[in-house]
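A.B. asks: Build me a structure from this.
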Amino acid sequence: MRSFPDRLRHAISFEALALLIVTPLGAWVFDHALSEIGVIAVVGATLATLWTLLYNWLFDLALNRRTGSTLKTPRVRVLHALMFEAGLLVLLAPFIAWYLAVPLLEALVMDVAFAGFYVVYAFAYNWLYDRVFPLPEWSQG
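C.D. replies: Numbers count the residues shown, from 1 in each chain. Got it, this is the predicted structure:
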């Protein structure tokens with residue numbers, strides 16, 4: 001399994017790159033000020049970073065217990081990304097509604113759009129991360 005420093009590097013680099021992409025994209029798509037989407041993105045990234053550390057650790061524990069390895073197939077990666085985003089959606093939509101003073105339904109639509117971006121981004125990022133920083137156990141199979 002990955003060490004805590006490796007998990008920390010993964011979470012911070014994941015969120016930093018995502019912020020650089022999602023903030024201007026979100027401001028353009030939702031027609032809100034860059035500063036407003038920036039706050040949403042930073043709060044979301046902070047929450048997501050904490051959620052990433054907890055969720056990935058629990059997911060890997062469960063996967064290792066079930067399969068004897070933390071190696072993720074494409075199908076498991078899709079499940080991993082969807083479950084992660086569902087949990088984050090529940091945490092973030094109320095904040096968006098409050099901060100932007102918009103109805104919860106509008107915040108939910110925005111959050112689902114952000115989640116859609118992050119599902120694709122997470123799949124690609126995590127696949128690339130595992131190629132750049134593989135675990136030794138993966139070469140033993």
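A.B. asks: only C-alpha atoms for contact and neighbour calcs from this point on.
C.D. replies: Will do.
A.B. asks: in the longest helix anywhere in the chain, what's buried?
C.D. replies: Longest helix of the chain, by residue count under DSSP state H: helix 34-67. By neighbour count on 16 or more other C-alpha atoms under 10 Å, the buried set for helix 34-67 is 34, 37-38, 40-41, 44-45, 48-49, 51-53, 55-57, 60, 63.
A.B. asks: go on, stretch 12-19?
C.D. replies: Using 16+ other C-alpha under 10 Å as the test for burial, stretch 12-19 gives I12, F14, E15, A18, L19.
A.B. asks: Which of these fall in helices?
C.D. replies: The subset of these located in helices under the criterion DSSP H comprises I12, F14, E15, A18, L19.
A.B. asks: Read off the pLDDT value for the fourth one.
C.D. replies: As summarised for this prediction, A18 has a pLDDT of 91.
A.B. asks: and if you look at the second one?
C.D. replies: F14 is assigned 90 on the pLDDT scale.
A.B. asks: wait, what's in contact with it?
C.D. replies: Contacts of F14 were listed using C-alpha atoms under 8 Å, 6 or more residues apart in numbering, and they are Y125.
A.B. asks: and if you look at the last one?
C.D. replies: Applying C-alpha under 8 Å, 6+ apart to L19 gives the contacts A41, V42, A45.
A.B. asks: and if you look at the first one?
C.D. replies: With contacts defined as C-alpha under 8 Å, 6+ apart, I12 is in contact with T49.
A.B. asks: Pull out the buried positions in stretch 77-91.
C.D. replies: Buried residues in stretch 77-91, counted by 16+ other C-alpha under 10 Å: R77, V78, H80, A81, L82, F84, E85, L88, L89.
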